[in-house]
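Asker: Next one to model:
(one chain, ligands or ions: 2)
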Amino acid sequence: MGSTTRNEKEVIFMEDFERTTELKAFDDTRQGVKGLVDAGITKIPRIFCYHPPDNFTRVSDLCHKDYIIPVVDLGNIDEDPSERKRIVERVKEAAETWGFFQIVNHGIPDCTLKEMLDGVVRFFEQDSEVKKEFYTRDKKPFMYNSNFNLYSNARTTWKDSFFCDLAPNVPKPEDLPSVCRDILLDYSNQVMKLGTLLLELLSEALGLNSTYLRDIDCNVGQYAFGHYYPSCPEPELTLGTIKHADVDFITVLLQDHIGGLQVLHQDTWIDVPPVPGALVVNIGDFLQIISNEKFKSSHHRVLANTVGPRVSIACFFSTAFHPSSRTYGPIMELLSEDNPAKYREFSIPEFTHHYKTKCMNAKSARSCIESLSIDLIWKRKMKDFCGAPGTILGLVLRTTQFLFAAGSIASMATTTSFFNLTAFCYLIASMGLQIIWSFLLALLDLLAMMRNRTLLTPVLVSLFVVGDWVTATLSLAAASASAGITVLYFHDLGHCHIGDECLKYQISVALAFLSWFSTSISSLIMFWLLAEG
Ligand SMILES: O=C(O)CCC(=O)C(=O)O
Ligand SMILES: [Fe+2]
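Answerer: Numbers count the residues shown, from 1 in each chain. Ligands and ions are numbered 1, 2, ... in the order given. Below is the predicted model of the structure:
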């Protein structure tokens, strides 16, 4: 295994090939993090060192109610309708503000919860030769390893996990390890019923028919991750689970009594304290999208700890591992003119693929869901489009419009007789308008470029289309009328006896045409952008 030097630079700038070699050496042991701890290490290998101080406050000991994850008691849900209404209200508030809540009296007996946690411990603490049989990185109905994305993820975490695919295809008993086979199947059945109830409550919380989320198959797929976080000799240097949001509809998590799970709430890491008999429920990215951001999928993480092992089992409601062409997008019933769709439609395999290939190491874990955000798709398109506002070509077009229009006015206004001809006055007025318009847009381009972002929205682009087309039409009309007069008077009738002045009229008209040409290019680009958006 790798050296355990604490040289920070060495850790941060560890060469890729060195890191890969050390990851491979670790993976080849097939013993996971537990194997390192069993071997008695006192410093963690450098592949696990990264925990950078983040900018978020850690508030675990604040008792203020604003910092306490809501606990919802489902006890009397079937007793009377008013109690169910109260529960829906609590769930709604928690899903909207936290994206996290704990539930008690949920119907899964304490002995089942205990047996499930014991089952996870039994699996990870069984004879290592038997456990190794399940160690793999190939997709199987049941598999175990340490860090599922060991080679693709930039950060290696202090935990081992097993994965079990539970629905729609129920695993064959012989595919499951004997030490936790029965309890896994029993627990998953009970979580499926509970998940279905939770989806009913969440549907009602969205103001929809209680079967809405079930009817769109949010509870068809279920898979579980059993996590084992061994005690860590240097917990401040690593994490048990890095900051992430769950890519599913909802997650039902069972944790033991150790603690370490934290949720990011209002830029503060808040502990999700273990509550005896409780289950933690959190909203996943898919539900954030289909609720059009009414519910939020919050970032969370798990700290490493000198005390351990900590175990947890997370059940995810999603068909991520099964082919499906069903698409999801913001629920129509929730949309209105004031609340337009914030995301485009997606299929679950498409999202999962995108997540694996693009989001795993993204700077912001949020960036994956953002890839479906209509607002951002639009803004990115604008940024990439040559000639769009906020791009260099956009600025060049505005500057040329401005300069040609200014040149046209300067040339015309310095003659002594332009005011005798209405067409020439009209040219000056329309070029004046062009100057003001292109100057304002050039300022906007500069601002957008300096801030490295596009300040545009579809509404602004519509405004620019109208502005560009109006100024382009006026410039063309003014340039054509003035050109007609210039040709008629000073060429056909041979009336131009004022020497230089004739040339100035001609130059002014020529510059007006050039300004129109430049404006017409940008008005076509704007029109194209609007049509595309
Ligand atoms: O172990 C925990 O408490 C949380 C695990 C988790 O967030 C996950 O598996 O997505
Ligand atoms: Fe999670």
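Asker: I'd say Asp468 and Leu529 touch.
Answerer: No - counting by C-beta atoms under 8 Å, Asp468 does not reach Leu529; the two are 11.0 Å apart. (Each C-beta comes from the backbone N, C-alpha and C, glycine too.)
Asker: which stretches of the protein aren't confidently modelled?
Answerer: Of all residues in the chain, those with pLDDT under 70 make up the ranges 1-15, 51-66, 358-367, 374-387, 451-458, 494-500, 532-533.
Asker: near ligand 1, which residues of it?
Answerer: Phe225, His227, Thr241, Asp246, Leu253, Gln255, Leu261, His300, Val302, Ser312, Ala314 (C-beta under 6 Å from any ligand atom).
Asker: how about the strands in the stretch 1-150 of the chain?
Answerer: Along the stretch 1-150 of the chain, the segments classed as strands by DSSP state E, counting those that start in this stretch run 57-59, 71-73, 100-104, 142-145.
Asker: would you turn the ones you listed into CSV with distance to Ile369?
Answerer: Putting these into CSV (distance: least, C-beta to C-beta, whole Å) gives the following:
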stretch, distance to Ile369
strand 57-59, 24
strand 71-73, 25
strand 100-104, 17
strand 142-145, 26
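Asker: What count of nearby residues applies to Asp338?
Answerer: Look at Asp338: counted by other C-beta atoms under 10 Å, it has 5 neighbours.
Asker: Phe163: what secondary structure?
Answerer: For Phe163, the assignment made with DSSP: H, G, I helix; E, B strand; the rest coil gives strand.
Asker: Specify the beta-bridge partners of Ala167.
Answerer: Under the criterion DSSP bridges, Ala167 forms beta bridges with Gln222.
Asker: hang on, the earlier thing: highest average neighbour count across the strands of the stretch 1-150 of the chain?
Answerer: Highest mean neighbour count among the strands of the stretch 1-150 of the chain (mean count of other C-beta atoms under 10 Å): strand 100-104, with a mean of 23.
Asker: which other residues reach it?
Answerer: Contacts with strand 100-104, where a contact means C-beta atoms under 8 Å, 6 or more residues apart in numbering, come from 69-75, 90-91, 94-95, 198, 263, 265, 272, 275, 277-283, 298, 300.
Asker: Would you write out the ChimeraX command that picks the buried residues out of the residues you listed?
Answerer: A single ChimeraX command is used to select the members of the contacts of strand 100-104 judged buried by 16 or more other C-beta atoms under 10 Å:
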select :69,70,72,73,74,90,91,94,95,198,263,265,272,278,279,280,281,282,283,298,300
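Asker: What about the residue of the stretch 151-300 of the chain found nearest ligand 1? Give its phi and psi, please.
Answerer: Nearest to ligand 1, among the residues of the stretch 151-300 of the chain, is Leu261, at 3.9 Å (C-beta to the nearest ligand atom). Per-residue torsions, Leu261: phi -80, psi 130 (degrees, to the nearest 10).
Asker: ok, and the closest non-adjacent residue to it?
Answerer: Val272 (4.3 Å; C-beta to C-beta, 6 or more residues apart in numbering).
Asker: sorry, back to before: can you flag which of the residues of the chain next to ligand 1 belong to strands?
Answerer: Among the residues of the chain next to ligand 1, the members falling in strands (DSSP state E) are Phe225, His227, Thr241, Leu253, Gln255, Leu261, His300, Val302, Ser312, Ala314.
Asker: so how far is Val302 from the residue nearest to Leu261?
Answerer: Using C-beta to C-beta, to the nearest Å, we find Val272 at a distance of 9 Å from Val302.
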